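Chemist: Please find the sequence and the predicted model below.
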Amino acid sequence: MKKEKQINKEAIVTVALYLFYFIWWYYFAYLYIDSENVKEFKYILGLPEWFFYSCVLGLVIINVLVLLVVKIFFKDMDLDQ
């Protein structure tokens, strides 16, 4: 019973992280840009601002969050029993 509770907790945390990343990506990829005119885009490191925030910064943030979540919430357990 304890093992099942831990597995359910890990699954919920994993889905929550995925939803956070998808919402982050979707917001910056589709809702953040004010205009479709390429001349009005702002650039960061040579990339359009919306792309930098959605794909580059979002990836770094989700990788750090996954590392923290695995260290804090996930437990190593034997699944054979």
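Modeler: Structure's in. What do you need? From a predicted model like this one, the values you see are computed outputs, not experimental measurements.

Chemist: quick one, strands of this protein?
Modeler: Assigned by DSSP state E, the chain shows strands spanning 43-44, 47-48.

Chemist: ranking those by burial, who's on top?
Modeler: Comparing the strands of the chain on average neighbours per residue, with mean count of other C-beta atoms under 10 Å, the densest one is strand 47-48 at a mean of 14. For glycine as for every other residue, the C-beta is placed from the backbone atoms N, C-alpha and C.

Chemist: Would you map the helices across this structure?
Modeler: Along the chain, counting by DSSP state H, helices occupy 2-26, 49-51, 58-72.

Chemist: Looking at those, which one is packed in the most?
Modeler: When neighbours are counted by mean count of other C-beta under 10 Å, the highest per-stretch mean among those falls to helix 49-51, a mean of 16.

Chemist: could you say what helices and strands it packs with?
Modeler: With contacts defined as 3 or more C-beta pairs under 8 Å, 6 or more residues apart in numbering; DSSP states H and E, there are no secondary structure elements packing on helix 49-51.
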